[in-house]
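In: Sequence plus the predicted model coming up.
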Amino acid sequence: MEASHPPSPDRPERMPAWLRRPLARPGQYAAVEGLLGELRLNTVCQSAKCPNRGECFASGTATFLVMGDACTRGCHFCAVENRAPAALDPDEPRRVAKAARQLELAHVVVTMVTRDDVVDGGAGHLAAVVEALRETVPSASIEVLTSDFAGSLDAVDTVVRANPDVFNHNVETVPRLYSHVRPGADYERSLAVLARAAQPRHSGASDMPVKSGLMLGLGETAEEIVDVMRDLHESGVRLLTLGQYLRPSPENLPVESFVEPEVFEELERRALAIGFLGVASAPYVRSSYAAGDLAARARQVSPKAAGNAAT
């Protein structure tokens, strides 16, 4: 994979033309931001400084970030603050569900900070959010984006039993870069979480699609990306996202390369050839961005494999 416009340590990173776009905030931006503030809810859009925040808020949607705005780990790519988090808020599931109803969301994405300070890693709290959403917005499909729960497979089971429509856990990068990009995480542990979530359920529910994603531009090679895609598929992952890493702040890792759109397109073709049901691969793709579209695409290919998500 060829790097394009690699940054120099002597000058700021310069975005290539395909990454430049207006940051206008029309539409429902103010209303969404106001509702989130009123209900005291965090979003990954804000906490992680997502580049798609303006577009998503303007279109009346957001990705909820539960269990606080502080993470017990300090991944070098992430803008979420690494500090001691507050206690879990038992009223948060109700407020998330209320926001989803008021925003009239058809596909609700709920992600979480890593909570190594909580016995179950926050799995029970996340399950409570899913259950509150089921009760309040029964027509919506629900996608969870989880931590690795410090490797607790019992915690994975707790979330799966809540019956989300999509289970997502991102490996983020290739194994060689884990100590540099994700200190405190472990590649094999993340694969084990995904494999556990992908195991067939025996509760009478349809199989739930499992999803994962990588950021590109951190120094990985094309061969390493394809190897990770194969590992993910062998672990039961059927939905995949690939996007360009963009440095959220000067404190985070610099961009090693800007990956050209044609490379993303080729990687999507490779992923589909491996057997993924749905792939989103483009510079501004994020795991929660247009997540409902990816889940719907997978349902069109294989309704059973794509789970019981609402249509």
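Out: Nice, thanks for sending it over. Residues are numbered from 1 along each chain as shown.
In: Report all helices and strands that the helix or strand containing Gly243 contacts.
Out: Counting by DSSP states H and E, the element that carries Gly243 is strand 239-244. Counting contacts by 3 or more C-beta pairs under 8 Å, 6 or more residues apart in numbering; DSSP states H and E, strand 239-244 is packed against strand 210-216, helix 222-234, helix 261-274, strand 278-281, helix 291-301. Bear in mind the C-beta positions are built from the backbone N, C-alpha and C, glycine included.
In: got the residue ranges for the helices in the protein?
Out: 29-38, 44-47, 53-58, 92-103, 123-136, 153-161, 178-181, 187-198, 222-234, 261-274, 291-301 (DSSP state H).
In: Output the ones you listed in a markdown table; the columns should cover mean pLDDT.
Out: Supplementary listing: the helices of the chain in a markdown table, determined by pLDDT from 0 to 100:
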| stretch | mean pLDDT |
| --- | --- |
| helix 29-38 | 83 |
| helix 44-47 | 57 |
| helix 53-58 | 53 |
| helix 92-103 | 95 |
| helix 123-136 | 98 |
| helix 153-161 | 97 |
| helix 178-181 | 94 |
| helix 187-198 | 97 |
| helix 222-234 | 98 |
| helix 261-274 | 97 |
| helix 291-301 | 79 |
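In: could you dump those helices to JSON lines with mean neighbour count and distance to Gly213?
Out: Shown next, in JSON lines, are the helices of the chain (neighbours: other C-beta atoms under 10 Å; distance: least, C-beta to C-beta, whole Å):
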{"stretch": "helix 29-38", "mean neighbour count": "15", "distance to Gly213": "24"}
{"stretch": "helix 44-47", "mean neighbour count": "23", "distance to Gly213": "13"}
{"stretch": "helix 53-58", "mean neighbour count": "20", "distance to Gly213": "17"}
{"stretch": "helix 92-103", "mean neighbour count": "20", "distance to Gly213": "22"}
{"stretch": "helix 123-136", "mean neighbour count": "20", "distance to Gly213": "18"}
{"stretch": "helix 153-161", "mean neighbour count": "19", "distance to Gly213": "18"}
{"stretch": "helix 178-181", "mean neighbour count": "16", "distance to Gly213": "14"}
{"stretch": "helix 187-198", "mean neighbour count": "20", "distance to Gly213": "11"}
{"stretch": "helix 222-234", "mean neighbour count": "17", "distance to Gly213": "9"}
{"stretch": "helix 261-274", "mean neighbour count": "16", "distance to Gly213": "11"}
{"stretch": "helix 291-301", "mean neighbour count": "19", "distance to Gly213": "10"}
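In: quick one: which of those helices is nearest Thr111?
Out: Taking C-beta to C-beta, helix 44-47 is the member of those nearest to Thr111, at 5.0 Å.
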